[in-house]
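Asks: Here you go, sequence then predicted model.
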Amino acid sequence: MQGTVDGFRYGAVTPVAAYLMACLGGALGLRCIVRSLLDKQSWKPGWLALGAASIGCGIWTMHFIAMIGFQVEESRVGYDAGLTVLSLAVAIVVVGIGVFIVGYRGAGRGALTGAGVTTGLGVAAMHYLGMAALRLDGDIRYDALTVSLSVLIAIVAATAALWAAVTIRGFLTSLGASLVMGVAVSGMHYTGMAAVDVHLHGTTGANWAGDSPSSLLLPMLLGPIIFLVLAGVVVMFDPLLVLGDGERSRSGPGKRGGAGTAPAQQVSRAPGLKAAAHARPPRRETYARKS
């Protein structure tokens with residue numbers, strides 16, 4: 001018996017909320033990576049780790065907020081807590097691998113390709129590991145072509161995000177890149193969900209194990225959401241992250257140096273001091289006259 005799958009149980013609420021969380025995680029992650037590149041004296045591994053955790057939490061939170069709206073009409077849906085937590089760890093660790101590659105090796109073709117493929121496969125693994133945590137009275141099957149398309153979208157999205165992280169410096173441009181990243185991550189998720197086909201066992205609701213979406217997902221989402229809020233506070237109170245490289249250079253040492261040299265030039269050009277300098281006899285000639 002084939003189940004009736006509905007991924008929009010609450011209408012547009014879950015897709016919009018999921019998209020916003022993906023954008024938030026992407027924006028914070030990109031700014032943290034930029035921070036590690038702008039200031040060579042900062043603790044680079046710390047900023048890269050914070051960026052990877054922000055992007056990973058954003059992607060994971062996006063996935064499970066969207067999954068709150070997932071239902072199979074003929075069966076109850078639950079989740080395995082262990083696999084759900086494992087999917088979060090996979091998201092952070094694999095995104096971290098890609099972030100550290102581009103953070104230390106730059107946006108060269110080889111490094112960017114390797115980091116993008118690794119991160120994209122990790123995002124896809126997080127998605128399908130999260131799907132493996134589903135517990136319902138049936139079997140979940142996937143269309144191979146649609147799954148391949150979702151993996152390809154994940155790789156392209158990850159590569160574009162990593163390229164933006166090491167190339168884009170301005171605050172507004174990073175914000176725009178995070179909005180595009182949110183579209184790509186959400187597109188990957190819903191493309192993967194379009195590949196889902198549920199075949200029920202016929203004993204509707206009898207063989208069900210695991211926690212319900214409301215009892216498991218909502219409490220578990222609080223941790224990553226709080227982390228993203230705290231990461232946002234760190235970004236907001238760092239002037240180098242808010243201003244960006246362009247504003248820093250315009251208000252940096254060059255501008256201060258230019259303002260500081262103006263008084264010196266005016267002093268050197270003052271006619272009274274210049275005349276006094278010519279009128280003052282050399283000290284060596286004074287000694288010569290006395291002798």
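Replies: That came through, no problem.

Asks: Helices of the stretch 51-200 of the chain, start to end?
Replies: 81-105, 109-132, 144-167, 171-194 (DSSP state H, counting those that start in this stretch).

Asks: dump the residue contacts of the nearest residue to Met193 once chain neighbours are set aside.
Replies: Among residues not flanking Met193 along the chain, Gly7 sits closest, at 5.2 Å (Cβ to Cβ, 6 or more residues apart in numbering). Every residue, glycine included, has its C-beta placed from N, CA and C. Counting by Cβ atoms under 8 Å, 6 or more residues apart in numbering, Gly7 touches 66, 69-70, 190, 193.

Asks: State the distance from Gly7 to Val72.
Replies: 10 Å (Cβ to Cβ, to the nearest Å).

Asks: now do Ile97
Replies: 34 Å.

Asks: One more: Leu86?
Replies: 23 Å.

Asks: These two: which is more packed in?
Replies: Neighbour totals were compared for Leu86 and Val72, and Val72 leads with 20 against 16 (other Cβ atoms under 10 Å).

Asks: What residues does the closest residue to the more buried one other than its chain neighbours make contact with?
Replies: Nearest residue to Val72 in three dimensions, chain neighbours excluded: Gly3, at 4.4 Å (Cβ to Cβ, 6+ apart). Contacts for Gly3 (Cβ under 8 Å, 6+ apart) come out as 72-75, 136, 138, 198-200.

Asks: Report the buried members of those.
Replies: 72, 74-75, 136, 138, 198, 200 (16 or more other Cβ atoms under 10 Å).

Asks: Would you convert the contacts of Gly3 into a markdown table that also reports pLDDT and distance to Met21?
Replies: Converted to a markdown table, the contacts of Gly3 look like this (pLDDT from 0 to 100; distance: Cβ to Cβ, whole Å):
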| residue | pLDDT | distance to Met21 |
| --- | --- | --- |
| Val72 | 85 | 24 |
| Glu73 | 80 | 27 |
| Glu74 | 79 | 30 |
| Ser75 | 80 | 27 |
| Leu136 | 84 | 25 |
| Gly138 | 82 | 29 |
| Val198 | 87 | 26 |
| His199 | 85 | 31 |
| Leu200 | 85 | 31 |
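
Asks: Just flag the most distant two among the residues you listed.
Replies: Glu73 and His199 (14.0 Å; Cβ to Cβ).

Asks: what's the least confident helix or strand in the chain, going by average pLDDT?
Replies: Ranking every helix and strand in the chain by mean pLDDT, DSSP states H and E puts helix 253-269 at the bottom, with a mean of 41.

Asks: That concludes my questions; thank you for your assistance.
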